[in-house]
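# Fold the following.
(one chain, ligands or ions: 1)
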Amino acid sequence: MKHEEWVRTLEDTRVVPVITIESGDQAIDLADALVAGNLPLMEITFRSEAAAEAIRRVRAERPEVTVGAGTVLTPAQVDAALEAGAQFLVTPGFNPTVVDYCLKLGVPMAPGVATPSEIEWALERGLSLLKFFPAEQSGGVKYIKAISAPYRGVRFMPTGGITPENLQSYLSVPSIIACGGSWMVKLSLIQAGEFDTITRLAEEAVELARSV
Ligand code: 3PG
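Residues are numbered from 1 along each chain as shown. Now for the predicted structure:
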């Protein structure tokens, strides 16, 4: 996937399910639940052993879903994610080693930032699509508005503490392209097999995003 294509996907859905998953089978059920909720997008995090396998299964069996890797912390995880078929990569922080490796490979990626200095490290490398993490805990909408002012053209994807209650206030900020979150794909819902609830929460998130 080209960077511009990923940007268009984010502009379109405006919501990114951030997923921790324990098996490839769960990933397929989850992909189906998200598609049914009009949210054919998954950021599968390397917070579990099953991440690469989950990415591989969804890419192979549900090609209509856009699948990326999250919580990518090392070049080895970049390799594992890409080998599994990840279409984009997201990191929680700004690790120059990981970011420069992704840039060398030319893979669409958003590094995590939370301060002006980190934003400038990204800009210096030509990156202008940035994860903002942890959003709510760092000062939320007010902080993002303030931090956006000096950096025209930077687009943020906040995650951390986003819920159906505050989603629209984030999406109303012009510099925010989309919001990430785990609220509609909680591990407890996946483990309990509550895929109808996941579909309903995904649908609700998409509706909320569309009515901003
Ligand atoms: C992430 O890595 O994007 C966050 O952990 C998601 O945060 P949330 O669980 O508060 O939505």
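# So the longest helix seen in the chain, near the ligand or not?
Ordering each helix of the chain by length in residues (DSSP state H) puts helix 195-210 first. No. Shown here: helix 195-210 not in contact with the ligand (CB under 6 Å from any ligand atom), separated by at least 11.4 Å. For glycine as for every other residue, the C-beta is placed from the backbone atoms N, C-alpha and C.
# just checking, what packs against that helix?
Helices and strands touching helix 195-210, by 3 or more CB pairs under 8 Å, 6 or more residues apart in numbering; DSSP states H and E, are strand 15-19, helix 24-36, helix 167-171, helix 187-191.
# avg pLDDT for the first one?
What strand 15-19 shows for mean pLDDT is 98.
# got it, and the second one?
Helix 24-36 carries an average pLDDT of 97.
# Quick one: name whatever helix or strand follows that helix.
strand 41-45 (DSSP states H and E).
# where along the protein do the strands fall?
15-19, 41-45, 66-70, 89-90, 109-110, 112-113, 129-132, 155-158, 179-181 (DSSP state E).
# I'd like the helices and strands packed on helix 195-210 as JSON lines, with distance to residue 129 and mean neighbour count appended.
JSON lines is the format used below for the helices and strands packed on helix 195-210 (distance: least, CB to CB, whole Å; neighbours: other CB atoms under 10 Å):
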{"stretch": "strand 15-19", "distance to residue 129": "12", "mean neighbour count": "26"}
{"stretch": "helix 24-36", "distance to residue 129": "22", "mean neighbour count": "20"}
{"stretch": "helix 167-171", "distance to residue 129": "16", "mean neighbour count": "19"}
{"stretch": "helix 187-191", "distance to residue 129": "27", "mean neighbour count": "15"}
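# between these, which one is nearest to residue 127?
Relative to residue 127, the nearest member of the helices and strands packed on helix 195-210 by CB to CB is strand 15-19, separated by 17.2 Å.
# list the buried ones in stretch 196-209?
For stretch 196-209, a neighbour-count test (16 or more other CB atoms under 10 Å) marks 198, 199, 201, 202, 203, 204, 205, 206, 208, 209 as buried.
# ok, how many other residues are close to the closest residue in space to the fourth one that isn't next to it in sequence?
Yep, that's residue 202 we're talking about. Leaving aside its chain neighbours, residue 202 sits nearest to residue 37 (2.8 Å; criterion: CB to CB, 6 or more residues apart in numbering). As a burial measure, residue 37 scores 23 neighbours (other CB atoms under 10 Å).
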